[in-house]
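J.: my questions concern the predicted model and sequence given below.
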Amino acid sequence: MGMILGFALFVGALIGTIVSVVLCIIAIVKTKKALHERLDVWPLFVTGFVVCLSVLLFVISYFPFPSATPGADYEIIMKNFFLKGIFYGGSPGVAAILALVATGLGRRRPERTARYETHDV
């Protein structure tokens, strides 16, 4: 039964990782686009990512999953392992999206204007 529980954890982590990779790619592409509009984009993104990932991992580790008696409630244990795999695998992607939101709170880049304006007469 331990092999089946390990497989449930593996499948959950695989699904969470796929979701996380997609979300990270979206966040990085959007952050690169924000470079033209905002100042200090990458420091905000990295700080927001580290803080959000730390908080998410802390919350997941203390999330109250239903308890089960060893050797009897395998469906509950399998569901718990599957959900933990999804949550731990998907947390970097969610942290990347939240870091992308944090970059939106940064200062706007000043508009570039010509130093000398020329007027046609």
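T.: Perfect, I can see it now. Numbers count the residues shown, from 1 in each chain.

J.: which helices and strands does the strand or helix carrying L83 pack with?
T.: Assessed by DSSP states H and E, L83 sits inside helix 74-103. With contacts defined as 3 or more C-beta pairs under 8 Å, 6 or more residues apart in numbering; DSSP states H and E, helix 74-103 has these neighbours: helix 2-34, helix 41-61. (C-beta placed from N, C-alpha, C; glycine too.)

J.: isn't T47 right up against L98?
T.: No - the pair T47 / L98 is not scored as a contact, 11.4 Å apart, by C-beta atoms under 8 Å.

J.: who's more crowded, those two?
T.: L98 (18 against 14; other C-beta atoms under 10 Å).

J.: list the contacts for the more buried one?
T.: When the contact criterion is C-beta atoms under 8 Å, 6 or more residues apart in numbering, the partners of L98 are G48, F49, C52.

J.: out of the residues you listed, which are buried?
T.: Buried members of the contacts of L98, counted by 16 or more other C-beta atoms under 10 Å: G48, F49, C52.

J.: so the helix holding L83 versus helix 41-61, what angle?
T.: Helix 74-103 runs at 160 degrees relative to helix 41-61, counting by axes from the mean of the first three to the mean of the last three C-alpha atoms, to 10 degrees.
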